[in-house]
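Chemist: For reference, the sequence and a predicted model appear below.
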Amino acid sequence: MKLAIAPGDGIGKEVIPAALFVLDALGLDIEKIPLDIGYGKWERTGSALSDDDMDIIKGCDCILFGAITTPPDPGYKSVLMRLRKELDLYANIRPFVPLKKVTLPCAKEFDFVIIRENTEGMYSGVEELHENVAYTTRVITRKGSERIAETACRLAKERKKLTIVHKANVLKSDSFFRDVCMGVAKKNGISYNEMLVDSMAYDLVLHPQKYDVILTTNLFGDILSDVAAAVAGGLGLCPSANIGERYALFEPIHGSAPDIAGKGIANPIAAILSVKMMLEWAGWEKEAAMVMEAVNSALLDGITTPDLGGKYSTKDVSTAVATRISKGVD
Ligand code: NAI
Ligand code: MG
């Protein structure tokens, strides 16, 4: 497998090496292609992601991505949005499950996945900025809705219940999304319910255990997954996969965290679990399970970064996880 490595900016440069350290402990045959993209590159060259970078990425199977700081330029176009669009990474999959010994602010038991449409909706890039008015066009297509609903239905077959989240009481584009998703669920024989996104945000905090697969549009999925990260104990713990037909990109859901960047204290678990999702995608199921077990074992032994109340560094945590993999977790 050929893997492009794009740490990006801020703590991306800390958590991605930490995650690679864990990946290396598995001794798999993976060719790694380093890539420098993001704000740092934009400052130096005026471009955060060049066409040459895109060509290199298209020569790889998948990407391990850290985070990118948004440059202070109103004309800046998001690197992640370009990657998601050009590689057609239409399914953003974000699992949330309690990890060992992590303090949870709300419910103690839950296991759900947010499936977010990743290429259209509010992030379609159809925008106009004028002096006294600005427009963002929310594009929802039948094809885009059908294929993300099919992805959610495949997962719902294993995980039981599907919840379609929208704001169809106000937005026509959302009643369209809801109707297409319901049609796909019916065709696949998947039982489903629907929720308005505002009450979903409320209920996800109070009763996350009620949900298995949550299917929603781009912006709603972005916001709900940060709500879910709080429910799961913190942004530093939550991974994601961006999947298309040909390519995939794996990234922690957090950003570049400039407030803690350079201190060596960023929690690498979200990045390490993004590697775990990559292993599952590539068919290395056993290795993926080993990573999960090693992460939980390190947490049980109290080896945590300050965001979880610990005193350990990013490196300490990745070393603890990698050591447990090398020794064989028991
Ligand atoms: P953020 O996720 O970077 O940070 C939010 C808060 O969570 C901060 O207090 C940070 O210290 C903490 N945090 C995040 N990850 C952590 C980790 N692994 N360990 C410990 N603490 C962690 O979001 P924020 O501050 O809104 O954005 C910062 C920059 O990142 C902005 O330029 C933003 O545009 C960019 N961003 C990039 C994303 C990406 O590349 N996928 C996603 C979100 C934001
Ligand atoms: Mg976000």
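Modeler: Received it, and whenever you're ready, just let me know what you need. Ligands and ions are numbered 1, 2, ... in the order given.

Chemist: Can you name the residues of the protein sitting close to ligand 1?
Modeler: 11, 15, 67-70, 80, 235-236, 251, 254-260, 266-267, 270, 307 (Cβ under 6 Å from any ligand atom). C-beta: built from backbone N, CA, C; applies to glycine.

Chemist: just checking, which of the residues you listed belong to strands?
Modeler: Of the residues of the chain next to ligand 1, the ones assigned to strands by DSSP state E are Ala67, Glu251.

Chemist: Restricted to buried residues, select the residues of the chain next to ligand 1 in ChimeraX.
Modeler: In ChimeraX syntax, the buried subset of the residues of the chain next to ligand 1 is picked out as below (16 or more other Cβ atoms under 10 Å):
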select :11,15,67,68,69,70,80,235,236,251,254,255,256,257,260,266,267,270,307
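
Chemist: In the stretch 201-330 of the chain, which residue sits nearest ligand 1?
Modeler: Gly255 (2.4 Å; Cβ to the nearest ligand atom).

Chemist: who's in contact with the residue lying closest to that residue once chain neighbours are set aside?
Modeler: Among residues not flanking Gly255 along the chain, Ala67 sits closest, at 4.8 Å (Cβ to Cβ, 6 or more residues apart in numbering). Neighbouring residues of Ala67 by Cβ atoms under 8 Å, 6 or more residues apart in numbering: Gly8, Asp9, Gly10, Ile11, Gly12, Glu251, Pro252, His254, Gly255, Ser256, Ala257.

Chemist: show me where the chain has helices.
Modeler: Per DSSP state H, the chain carries helices over the ranges 12-25, 39-45, 51-58, 79-86, 142-159, 172-188, 197-206, 218-231, 269-282, 285-300, 314-327.

Chemist: Could I get those in TSV, plus columns for mean pLDDT?
Modeler: Formatted as TSV, the helices of the chain follow (pLDDT from 0 to 100):
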stretch	mean pLDDT
helix 12-25	98
helix 39-45	91
helix 51-58	97
helix 79-86	93
helix 142-159	96
helix 172-188	98
helix 197-206	98
helix 218-231	97
helix 269-282	98
helix 285-300	97
helix 314-327	97
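
Chemist: Now render these as CSV, adding distance to Pro105.
Modeler: Below are the helices of the chain laid out as CSV (distance: least, Cβ to Cβ, whole Å):
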stretch, distance to Pro105
helix 12-25, 23
helix 39-45, 31
helix 51-58, 37
helix 79-86, 28
helix 142-159, 24
helix 172-188, 29
helix 197-206, 8
helix 218-231, 7
helix 269-282, 17
helix 285-300, 17
helix 314-327, 21
